[in-house]
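> Below is the structure, and that's it, no one-letter string:
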């Protein structure tokens with residue numbers, strides 16, 4: 001297995017995820033989420049260093065992948081879970097959607113013509129299951145046989161966990177995204193140390209990804225959770 005990076009224009013090889021260590025096999029048919037804090041992979045920029053928190057993130061990934069597989073199996077990759085090693089092996093067909101699109105732009109039609117409809121189908125599935133997924137960077141999606149597949153459920157909560165404060169999850173969020181979120185929350189008068197409604201946080205999440213996805217998709221995603 002090799003480390004898996006995204007080749008970002010102007011930045012070079014960047015870690016694919018801030019939480020776990022991303023691995024891939026030689027023929028790019030298996031992507032591995034290794035819930036281990038590997039300093040070499042994160043190049044000294046480790047954000048989740050607490051082993052207890054890392055295990056909790058792994059548990060969430062397992063819980064919600066299984067939930068999606070039970071109800072919407074076509075929307076997540078086939079997978080195998082190694083509980084003892086904190087690894088999840090996902091069946092893929094090449095790099096993630098963001099990498100395939102050159103790690104730039106907000107439109108992914110060149111790699112998946114109907115990506116908008118497929119992404120909104122995934123978001124509708126989350127809404128129907130009563131879950132709130134805050135990790136939706138374009139590298140969180142793989143394309144398998146023309147079908148968009150969603151991963152990265154470590155940053156997902158269910159409706160009965162409505163006691164989340166923004167500060168609880170700052171270690172999960174990149175500095176670039178924090179630079180968008182924090183001013184937006186301050187403008188809305190949101191105290192980052194006070195629990196906020198998950199639905200409101202989901203709307204903020206969609207707004208923070210407008211640099212990665214076209215506005216019409218994020219507007220439609222917000223409408224799904226507002227309905």
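Done, it's in. All of these numbers come straight from a predicted model, not from anything done at the bench.
> From here on, just use CA atoms for contacts and neighbour counts.
Will do.
> Now residue 22: which helix or strand?
Using DSSP states H and E, the secondary-structure element containing residue 22 is strand 21-24.
> Return the list of helices and strands in contact with the helix or strand harbouring residue 200.
With the criterion set as DSSP H and E, the secondary-structure element containing residue 200 is helix 198-208. In this structure, helix 198-208 makes packing contacts with strand 131-133, helix 175-187, helix 215-226, judged by 3 or more CA pairs under 8 Å, 6 or more residues apart in numbering; DSSP states H and E.
> For my notes, please list these in JSON lines and give distance to residue 38, mean pLDDT and mean neighbour count for each entry.
Shown next, in JSON lines, are these (distance: least, CA to CA, whole Å; pLDDT from 0 to 100; neighbours: other CA atoms under 10 Å):
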{"stretch": "strand 131-133", "distance to residue 38": "25", "mean pLDDT": "96", "mean neighbour count": "21"}
{"stretch": "helix 175-187", "distance to residue 38": "19", "mean pLDDT": "76", "mean neighbour count": "13"}
{"stretch": "helix 215-226", "distance to residue 38": "33", "mean pLDDT": "97", "mean neighbour count": "16"}
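> closest to residue 11 out of the ones you listed?
Taking CA to CA as the measure, the helices and strands packed on helix 198-208 were each checked against residue 11, and helix 175-187 came out nearest at 13.5 Å.
> For residue 110, see how far away residue 29 is.
The spacing between residue 29 and residue 110, counted by CA to CA, to the nearest Å, is 21 Å.
> Look at the two and report which has more neighbours.
Higher neighbour count among residue 29 and residue 110: residue 29, with 15 against 10, using other CA atoms under 10 Å.
> can you list contacts of stretch 143-153?
Outside of stretch 143-153, the residues that reach it under the criterion CA atoms under 8 Å, 6 or more residues apart in numbering are 60-62, 64-65, 74-77, 92-94, 96-97, 112, 115, 118-119, 122, 133, 135-136, 140-142.
> 6 Å - rerun?
Residues from elsewhere that reach stretch 143-153, judged by CA atoms under 6 Å, 6 or more residues apart in numbering: 61, 75, 76, 77, 93, 140, 141, 142.
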